[in-house]
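J.: here is a sequence together with a model predicted from it:
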Amino acid sequence: MRLIPLAAALVLAAPALAQEAPPTPRTSTAFTLASEQPLAPEQRAVRFDRAVLAFRLMPESRTLAGDAALTFTATAPTDRLLVELDTVFDISGVEVDGRALAPEAWRNPEGRLTVELPSPLAAGETATLRLRYHGAPRVAPRAPWDGGFVWATAPSGEPWIATAVQGEGCDLFWPCIDNPAGEPGEVELHITVPSNLSAPSNGVLLGTEDHGDGWTTWRWRARQPNTYAIALNVGPYERVSATYESRFGNRFPMEFWHLKSAAPADVAALFAQFAPMLDFFEANVGPYPFGDEKMGVVETPHLGMEHQTINAYGDQYRVDGRGYDWLLHHELAHEWFGNQMTNVDGDDMWLHEGLGTYMQPLYARWLHGDRYMEAELKTQREALANRFPVVSGRPGVSYFNGDGPGNDIYFKGSLFAHTLRHQIGDDAFRRALTRLVYGTDTPQPGQIRPLTRTTPDFAAIVRDITGRDYDWLFRGYLYNAALPVLHQSREAGVLALRWETGDGAPFPLPVEVEVDGRVVTVPMTGGSGRLEVPEGAHVLVDPDNRVLRQSDAVDALVAFRGRAR
Ligand SMILES: [Zn+2]
């Protein structure tokens with residue numbers, strides 16, 4: 001999540017959570033602060049099998065010591081290994097398969113660490129690169145939107161630490177391939193913290209070891225985590241847990257690691273939402289993808305982030321009238337849209353954020369009916385910027401800088417999904433989501449592996465399931481900045497309708513029209529249509545707001561808000 005939703009304006013204005021001024025650490029390079037750098041040829045030549053990441057976190061000095069063992073298998077011959085790691089760290093040792101390398105065998109000028117292998121790897125051969133490093137990791141200026149480490153103090157006085165690195169990438173605190181293609185097959189985390197603190201993290205807890213010297217190591221193992229989903233969370237936590245009984249026959253733990261100072265009623269109310277939310281996703285998309293690990297949530301000093309099996313929750317148990325906790329739901333949606341199904345490139349990130357965001361109004365309807373869904377959709381509609389296409393068609397385009405679609409990937413993506421659902425019907429929509437997320441129509445717990453997808457993949461799935469081509473719908477909404485305009489004129493007893501899209505391409509989107517209370521569908525073949533309407537009849541186009549389009553009423557609201565600012 002990176003959006004600044006309408007509710008977040010309030011969140012940001014809330015009292016600061018005892019985050020003192022950070023020290024002045026070394027500065028990360030522009031290379032490190034960007035994510036999804038193009039892969040180097042040497043990175044394309046390896047498979048990232050496994051990472052064992054040991055961290056010791058020193059809250060007083062706001063530093064960490066890292067010891068990372070990264071195992072790669074060559075898929076093509078290579079004589080180097082390349083990983084990304086922030087240059088704020090001093091590297092004290094580099095080994096390959098247990099052999100220490102001379103200082104001239106590696107360099108890390110801009111944050112891409114190049115290691116010359118003692119002997120070249122042939123295809124199929126494996127090597128383990130071990131790095132020891134220490135230093136003060138980047139402090140997040142404004143997590144989660146501007147990320148890094150958050151060194152806070154819990155209300156009960158202990159250190160409260162979190163990481164959130166979606167925009168900047170994993171290389172802010174561990175050596176990785178900072179690209180969606182860089183998911184390791186498995187990650188083990190050994191997190192050493194003061195013994196009065198807990199360190200919940202991704203995947204399955206292997207155990208804790210109290211060293212007897214005031215320090216305790218927490219060991220976790222996670223299968224194929226998203227690169228930016230690896231998260232450190234340290235604080236005076238307590239855990240509530242229960243077993244979820246899935247409709248697919250499996251069972252798995254639900255865990256909420258909350259601050260010990262949290263009000264018990266707040267904790268109970270939030271935890272009570274876990275199982276109903278899982279019910280919704282399992283019924284409407286498919287099995288919880290990480291049922292072999294856990295569904296986990298941890299209370300954080302920042303708003304939230306979709307950290308695989310340990311989602312960050314920092315919305316302070318706010319009740320906002322939606323009838324459920326939207327932040328918990330949004331981050332949970334990312335277990336399907338983001339962590340299980342990952343975009344090939346950030347240009348397609350609406351597949352995470354737009355589809356994930358659409359799950360919230362659908363859940364509002366699931367719980368409370370149409371009024372609650374429509375209220376959320378109306379708020380989303382009023383937030384569109386329409387300045388850049390949701391999908392540019394050019395890989396590597398960042399969506400959250402000034403030259404990208406920004407929050408439109410959330411809200412236009414969601415409203416597009418709403419339009420698509422009504423065009424193809426509930427059943428086809430559900431099947432399309434399932435196939436998009438799992439690569440099969442019948443996903444089974446225990447056989448689910450993360451996959452990557454593009455926008456054209458989704459369009460192809462919709463085409464295949466419906467037997468009809470909807471590429472024009474994807475193109476009209478997602479590849480154009482401007483919203484489609486539905487031109488209307490009424491003359492001599494005829495209502496004439498005509499679609500106009502940003503690029504003028506065909507847009508045969510049917511439109512419902514209510515004439516004196518009776519609804520008919522105008523097919524809009526070739527992008528235009530006509531309907532006979534009696535003189536004096538009241539005509540209401542798209543009475544149920546099922547079609548996303550330009551609106552004079554919304555434009556007037558947006559212009560008014562702009563003037564009032
Ligand atoms: Zn999100």
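T.: Received it, and whenever you're ready, just let me know what you need. Note that the coordinates shown come from a computational prediction; the quantities given were computed from them, not determined experimentally.
J.: where do the helices sit along the stretch 351-500 of the chain?
T.: Taking DSSP state H, counting those that start in this stretch as the criterion, the stretch 351-500 of the chain contains helices spanning 370-381, 408-424, 426-438, 455-466, 471-478.
J.: can you check the chain too?
T.: 8-13, 30-33, 41-44, 264-271, 274-284, 326-336, 350-368, 370-381, 408-424, 426-438, 455-466, 471-478, 552-564 (DSSP state H).
J.: tell me what the longest one is packed against?
T.: Using 3 or more Cβ pairs under 8 Å, 6 or more residues apart in numbering; DSSP states H and E, the elements in contact with helix 350-368 are helix 274-284, helix 326-336, strand 341-343, helix 370-381, helix 408-424, helix 455-466. No exception for glycine: its C-beta is placed from N, CA and C like everyone else's.
J.: can I get the helices of the chain in a markdown table with distance to the ion, mean pLDDT and mean neighbour count?
T.: Formatted as a markdown table, the helices of the chain follow (distance: least, Cβ to the ion, whole Å; pLDDT from 0 to 100; neighbours: other Cβ atoms under 10 Å):
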| stretch | distance to the ion | mean pLDDT | mean neighbour count |
| --- | --- | --- | --- |
| helix 8-13 | 12 | 34 | 12 |
| helix 30-33 | 20 | 92 | 17 |
| helix 41-44 | 26 | 96 | 16 |
| helix 264-271 | 18 | 98 | 14 |
| helix 274-284 | 15 | 98 | 18 |
| helix 326-336 | 6 | 97 | 24 |
| helix 350-368 | 5 | 98 | 23 |
| helix 370-381 | 14 | 98 | 17 |
| helix 408-424 | 7 | 98 | 24 |
| helix 426-438 | 15 | 98 | 19 |
| helix 455-466 | 17 | 98 | 18 |
| helix 471-478 | 17 | 98 | 21 |
| helix 552-564 | 23 | 95 | 10 |
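J.: before we move on, the earlier item: out of the helices of the stretch 351-500 of the chain, which gets nearest to P200?
T.: helix 426-438 (25.6 Å; Cβ to Cβ).
J.: what's the closest one packed up against?
T.: strand 341-343, helix 408-424, helix 455-466.
J.: mind pulling up the pLDDT for G404?
T.: Predicted confidence (pLDDT) at G404: the value is 87.
J.: same question but for G396, I mixed them up
T.: Looking at G396, its pLDDT is 72.
J.: quick check: it touching D347?
T.: Yes - using Cβ atoms under 8 Å, G396 makes contact with D347 at a distance of 7.0 Å.
J.: who's more crowded, the two?
T.: Neighbours per residue, other Cβ atoms under 10 Å: of G396 and D347, the larger number sits with D347, 24 against 12.
J.: pLDDT weak spots in the protein?
T.: Low-confidence segments of the chain (pLDDT under 70): 1-25, 397-402.
J.: swap the cut-off to 50 and go again
T.: 2, 4-22 (pLDDT under 50).
J.: tell me how far the residue at the greatest distance from the centre of it lies from the ion.
T.: Distance from the C-alpha centroid of the chain peaks at A492, with 51.7 Å (Cα atoms, centre = their mean). Using Cβ to the ion, to the nearest Å, A492 is found at 50 Å from the ion.
J.: what do you get for G203?
T.: Applying Cβ to the ion to G203 and the ion gives a distance of 21 Å.
J.: identify the residue spatially nearest to that residue, adjacent ones excluded.
T.: Leaving aside its sequence neighbours, G203 sits nearest to A222 (Cβ to Cβ, 6 or more residues apart in numbering; 2.9 Å).
J.: quick check: the one you found touching G296?
T.: No - in this structure A222 lies outside contact range of G296 using Cβ under 8 Å: 10.3 Å.
J.: where does the closest residue to W151 other than its chain neighbours fall, phi/psi-wise?
T.: Computed as Cβ to Cβ, 6+ apart, the closest residue to W151 that is not its neighbour in sequence is R62, at 5.0 Å. The phi/psi pair for R62 (degrees, to the nearest 10) reads phi 50, psi 40.
J.: quick check: R62 vs the ion, distance?
T.: R62 is 27 Å from the ion, by Cβ to the ion.
J.: what of P253?
T.: In this view, P253 and the ion are 24 Å apart by Cβ to the ion.
J.: any idea how many residues pack against D97?
T.: Quick note: D97 (other Cβ under 10 Å) scores 13 neighbours.
J.: on that earlier part again, okay if I get the helices of the chain as JSON lines plus distance to L486?
T.: Shown next, in JSON lines, are these (distance: least, Cβ to Cβ, whole Å):
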{"stretch": "helix 8-13", "distance to L486": "31"}
{"stretch": "helix 30-33", "distance to L486": "42"}
{"stretch": "helix 41-44", "distance to L486": "46"}
{"stretch": "helix 264-271", "distance to L486": "42"}
{"stretch": "helix 274-284", "distance to L486": "29"}
{"stretch": "helix 326-336", "distance to L486": "30"}
{"stretch": "helix 350-368", "distance to L486": "22"}
{"stretch": "helix 370-381", "distance to L486": "15"}
{"stretch": "helix 408-424", "distance to L486": "12"}
{"stretch": "helix 426-438", "distance to L486": "22"}
{"stretch": "helix 455-466", "distance to L486": "22"}
{"stretch": "helix 471-478", "distance to L486": "12"}
{"stretch": "helix 552-564", "distance to L486": "11"}
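J.: and these: which comes nearest P523?
T.: Nearest to P523, of the helices of the chain and by Cβ to Cβ, is helix 408-424 at 12.1 Å.
J.: so what touches that closest one?
T.: For helix 408-424, contacts defined as Cβ atoms under 8 Å, 6 or more residues apart in numbering pick out 3, 5, 349-351, 353-355, 357-358, 360-361, 377, 380-381, 383-388, 390, 399, 405, 429, 432, 462, 465-466, 470, 473-474, 477-478, 509-510, 546-548.
J.: quick one, it and helix 426-438 angle?
T.: Per axes from the mean of the first three to the mean of the last three Cα atoms, to 10 degrees, the angle that helix 408-424 makes with helix 426-438 is 140 degrees.
J.: returning to what we had before: make TSV out of the helices and strands packed on helix 350-368 and add distance to A263.
T.: Shown next, in TSV, are the helices and strands packed on helix 350-368 (distance: least, Cβ to Cβ, whole Å):
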stretch	distance to A263
helix 274-284	18
helix 326-336	16
strand 341-343	36
helix 370-381	26
helix 408-424	30
helix 455-466	42
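J.: cool, thanks, signing off.
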